[in-house]
Every structure is written in structure tokens, then in C-alpha cells.
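> below: sequence and its predicted model.
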Amino acid sequence: MRRGISLVFLGCLFLASNTSRSQGCSDAGFCTMGAMRPDQNYSKRVDFKLRAVEINAYRGSTTLTPIIYVLTADMTFSITDKLFVQAKLPYQMVSGSLGETGGTGDISLALTRSLIDTKRGSLSATLGTKIPTNKSNLTKQTNEFGNKGVDYPMYYQTSLGSYDFIAGLAWVNEKWLFATGIQIALTENENDFRWGQWNGYPDNEVDFDGDGNPVRDEYIDKYDLANNLHRGTDIMLRVERNFRFTNFNFNVGLLPIYRITKDERYDFSPGVEKRIKEEGTTGLALSALIGAGYQFNVNNGLKLILGRKLVDRDVNPDGLTRHFVSSLSYVYRF
């Protein structure tokens, strides 16, 4: 009977991960780090192992044509009973109307310490960083109109191109998870995407004005400029309600992320040519999340997280906007 239930659950996970096209977390990575990560194991009766390796398959659809695929090795190792370190090593691929890119994503490192552990719940804190694997300057070597080495917009970049500082705090018990965190970009990227270099995309047809000059497709203008971008500071709050059974658990939650300072970029427009603070880059990005998990035994389990974007900021130079996301993970604890 238990085996039959397991097979049904696995089938549901497979179908959901391939058909739901879920939406969600549009942050720069900190909502899944350390104390801030979703669907944390907690039990007053079972001492869950702190060492774990999680293989995560992620798919995110954006508000434009790019689709983002990420395969991540998420490793957690205990230093003591109350202190553990996490490392996330992603490989990211992007496919859209402007082309395809792929490469190692930004590396995440976090140190988490349990501060309070009672029968009513536990409080933990995280300090971490994100390390860029490139400068957000992946290029299309030659496009159909002779432009060479033109930078892809941020939607197609596999790295945000900046070093980030991250800190967070979370309270978790059998029913609830409350987490808050902050992410501060310490450096800027070196992206140099420009609309005029992509004439004719995405349909490879170029129109000309009365003077014979090429006129770019309006689609290109939908990609926000991010030249030497310095992202604003984000704060987040995760509220999650968990329903736990012997082997199954289900959860629902909200993830508001508020950018409290404006993004800053270089404006290369004639007569400007200076760094500017981009209007419309502050404000709320809100996602609704649902998840499910199945624990085969103390060591092995599966997790599924789906999300839907409810509110977004007006301007997103960093290319982090996700309309739907789905995330399926295998977790091995030891």
C-alpha cells in the first residue's frame, strides 16, 4: 500500500514539474539560502540530520520569451550540532527568441547557526554571500546583421555579475515558517546590452526609415538596459504554513520581496553619459508558493515547489522577473 502511494506521489511530482509552468521567486537567490529556505524539516520527535545533498531541477518562464533552466547541487554540512555551512553550485541554461546561453551560475555560500531550540520551535540566523562566475557580459558572437560580440540582455545572462552580502533570520516549527532577510549587491556588473545592436530581432526582419536607417523591433525595447548595473538592496519576508503527515507534507506560503533602493546603471545616451538611478526599480515583488514533499525514510526524500507571481516591480534591469517557476528536488541526508 505504501509503495503504491509513493508511486502515485512520484507521478504527480513528475507531471507537475513538466506541465505546471509555475511562477514565483524573483529574487537574486537569497530566498533559498540557509535559514530562509522553504519547506524546512522540523519535528519535536525526530532529530533530522543536518548534513544533506540536494539535487534541484528548476524551470522558470519570464514575462518575455526566455525560459530559464537551472540544475543545482545544494550541499549542507554540519560543523557542530548548531552550526552548518551551505554551498549551492548551479548550472544555468537560457533559451529564447534572441538565442541560447549556458554556463555555471553564481555560487552561493552561507553559514547558519541555530540560536534557540525549544519544543515550540527553533530560531536560526544566516550570514552568506553570492560569488559571480562571470561579469554578466555573455555575448552573441555574430548576429544575422553583422554585429559582432553584442551583449545579451540580463534575462540571458547566467550570472548577475556582482558580489553580494546576505543575512537572514527564521523561526520554524511543525506548522509555520517565518523568515526575513536582506541582500546587498556590493559591486556592479559589466553588461553592455544595447537595443540598437539587435536590429531585426526576434523575427530577423529589418525595417528602414525614410533615410535608410534600420529601425529596431519594438520587442527589443522590452528588455531593460543594465549597463554596469548596481542592483538595489532587497529585503524579504517568507510566511509558510506546513501540513505534516507521516511521510507527506504540504505547504502554502507568500514571499514578498521589497527593493528599498533604486538600481543604478550607466546611461550611454548622447548628452547624458553618466550613471543614473533607474526610476521604477524599487517596490514590491510578491509571489504565492505551494509545495509538497515525500520522505521515503530518514535519508531520502523528494520536494516540489511551485509558485505564481502576483505583483512585480515596473522596471527590472536585472532580468530576475519570473512569471512561472517550478522546482523539483531529490534530497539525501546523511
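Ah, there it is.
> just the C-alpha atoms of stretch 289-307, please, in PDB.
C-alpha atoms of stretch 289-307 as PDB (Å, rounded to 0.1, in the frame of the first residue of the first chain):
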ATOM      1  CA  LEU A 289       4.100  29.500  -3.400                       C
ATOM      2  CA  ILE A 290       2.800  25.900  -2.900                       C
ATOM      3  CA  GLY A 291       4.900  22.900  -2.200                       C
ATOM      4  CA  ALA A 292       4.800  19.200  -1.400                       C
ATOM      5  CA  GLY A 293       7.300  16.700   0.000                       C
ATOM      6  CA  TYR A 294       7.600  12.900   0.400                       C
ATOM      7  CA  GLN A 295      10.100  11.300   2.800                       C
ATOM      8  CA  PHE A 296      10.900   7.700   1.800                       C
ATOM      9  CA  ASN A 297      13.000   7.300   5.000                       C
ATOM     10  CA  VAL A 298      15.200   9.400   7.300                       C
ATOM     11  CA  ASN A 299      17.800   9.600   4.500                       C
ATOM     12  CA  ASN A 300      15.900  10.100   1.200                       C
ATOM     13  CA  GLY A 301      13.100  12.400   0.100                       C
ATOM     14  CA  LEU A 302      11.600  14.500  -2.700                       C
ATOM     15  CA  LYS A 303      10.400  18.100  -2.700                       C
ATOM     16  CA  LEU A 304       8.300  20.000  -5.200                       C
ATOM     17  CA  ILE A 305       7.800  23.800  -5.100                       C
ATOM     18  CA  LEU A 306       5.500  25.700  -7.400                       C
ATOM     19  CA  GLY A 307       4.900  29.500  -7.400                       C
END
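> run the chain-centre distance for that stretch.
On the basis of C-alpha atoms, centre = their mean, to the nearest Å, stretch 289-307 sits 19 Å off its chain's mean C-alpha point.
> do stretch 237-255 as well
With C-alpha atoms, centre = their mean, you get 19 Å for stretch 237-255.
> run through who's touching it.
2, 9, 24-25, 27, 31, 36, 38-39, 43, 170, 174-180, 236, 256, 286-296, 307 (C-beta atoms under 8 Å, 6 or more residues apart in numbering). For glycine as for every other residue, the C-beta is placed from the backbone atoms N, C-alpha and C.
> right, and Thr282 touches Ile260 too?
Yes: using C-beta atoms under 8 Å, Thr282 is in contact with Ile260, at 6.6 Å.
> what sits in contact with each of those two?
Gly232.
> the more surrounded of those two?
Thr282 (18 against 11; other C-beta atoms under 10 Å).
> could you list which of the contacts of stretch 237-255 belong to strands?
In this view, the contacts of stretch 237-255 that belong to strands under DSSP state E are 170, 176-180, 236, 256, 286-295, 307.
> list the contacts for Lys303?
By C-beta under 8 Å, 6+ apart, the neighbours of Lys303 are Asp39, Glu54, Gly291, Ala292, Gly293, Ser327, Leu328, Ser329, Val331.
> return the member of those residues nearest to Arg194.
Checking those against Arg194 with C-beta to C-beta, the nearest one is Ser327 at 33.2 Å.
> near the closest one, how many other residues are there?
Around Ser327 there are 24 residues (other C-beta under 10 Å).
> hang on, it packs against Tyr58?
Yes: using C-beta under 8 Å, Ser327 makes contact with Tyr58 at a distance of 4.8 Å.
> and Asp267, its phi and psi?
Phi and psi for Asp267, reported as degrees, to the nearest 10, are phi -100, psi 110.
> excluding its backbone neighbours, what's nearest it?
In this structure, Asp267 finds its nearest non-sequential neighbour in Ile276, 4.7 Å apart by C-beta to C-beta, 6 or more residues apart in numbering.
> again with Lys274
Asp267 (6.3 Å).
> for that neighbour, give me its contacts.
Per C-beta under 8 Å, 6+ apart, neighbours of Asp267: Leu225, Asn227, Glu273, Lys274, Arg275, Ile276.
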